[in-house]
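**Student:** predicted model and sequence follow; I will ask about them next.
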Amino acid sequence: FAYKFSAQHTSVVNTGGWSIIYLFVCLTFACSSFLIDDYHTSVYLLVVSTAASRIGIWVFDISVTLLYQEMVPDGVRGLIGGTQQSINSGFTMASGCLGLFLDKPEQFFLIALAGYVCIGISMLLYILGV
């Protein structure tokens, strides 16, 4: 629904832009939940903001996939798709390794912070058109 509405009223590039900014704002609230002392408020903020951020990641994923299909020539689509999948797998492995080394519950915020920083860098790269 969010993608369809946005794509009808603006471009795919702008849809990707607002969706990654929305994702980053939601994750800002999620990361700020680690700073709250009240347990129930902290958990509520973490769960609600993470759930809300899914809208941003889904819309951003659709936007990037559509841009990829429109902008990448047919002859190199497989090469670029394979490279993208390799990078995705590398980051998935890195997050798993972080989970192995930062295995104490009180260290969870470090894993969340690493993901937050990566989303922030992605947002900047997308907005700057890199």
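**Tutor:** Great, that's in hand.
**Student:** distance of the residue of the chain most remote from its centre from residue 84?
**Tutor:** Using Cα atoms, centre = their mean, the residue of the chain lying farthest from its centre is residue 75. It sits 28.4 Å away. Residue 75 sits 16 Å away from residue 84, going by Cβ to Cβ, to the nearest Å. (Each C-beta comes from the backbone N, C-alpha and C, glycine too.)
**Student:** in three-state terms, label the residue farthest from the centre of the chain for me.
**Tutor:** At residue 75 the chain is in helix, as set by DSSP: H, G, I helix; E, B strand; the rest coil.
**Student:** any idea how far it lies from residue 2?
**Tutor:** 33 Å.
**Student:** now swap in residue 128 and tell me
**Tutor:** 24 Å.
**Student:** please say which of the two ends up with more neighbours.
**Tutor:** Higher neighbour count among residue 128 and residue 2: residue 2, with 15 against 7, using other Cβ atoms under 10 Å.
**Student:** the more buried one contacts residue 55, doesn't it?
**Tutor:** Yes. Look at residue 2 against residue 55 with Cβ atoms under 8 Å: they come within range, at 5.7 Å.
**Student:** what touches both of the two?
**Tutor:** By the contact definition Cβ atoms under 8 Å, 6 or more residues apart in numbering, residue 2 and residue 55 are jointly contacted by residue 19.
**Student:** now the helices for the protein?
**Tutor:** Taking DSSP state H as the test, the helices found in the chain are 2-9, 12-32, 39-71, 77-101, 108-128.
**Student:** return the set of buried residues in stretch 49-58.
**Tutor:** For stretch 49-58, the neighbour count (16 or more other Cβ atoms under 10 Å) marks 49, 52, 53, 55, 56, 57 as buried.
**Student:** out of those, who's nearest residue 42?
**Tutor:** Among those, residue 49 lies closest to residue 42 (Cβ to Cβ), at 11.0 Å.
**Student:** pLDDT value on the residue farthest from the centre of the chain, please?
**Tutor:** What the model reports for residue 75 is a pLDDT of 86.
**Student:** that one and residue 44, how far apart?
**Tutor:** Remark: distance between residue 75 and residue 44 (Cβ to Cβ) = 50 Å.
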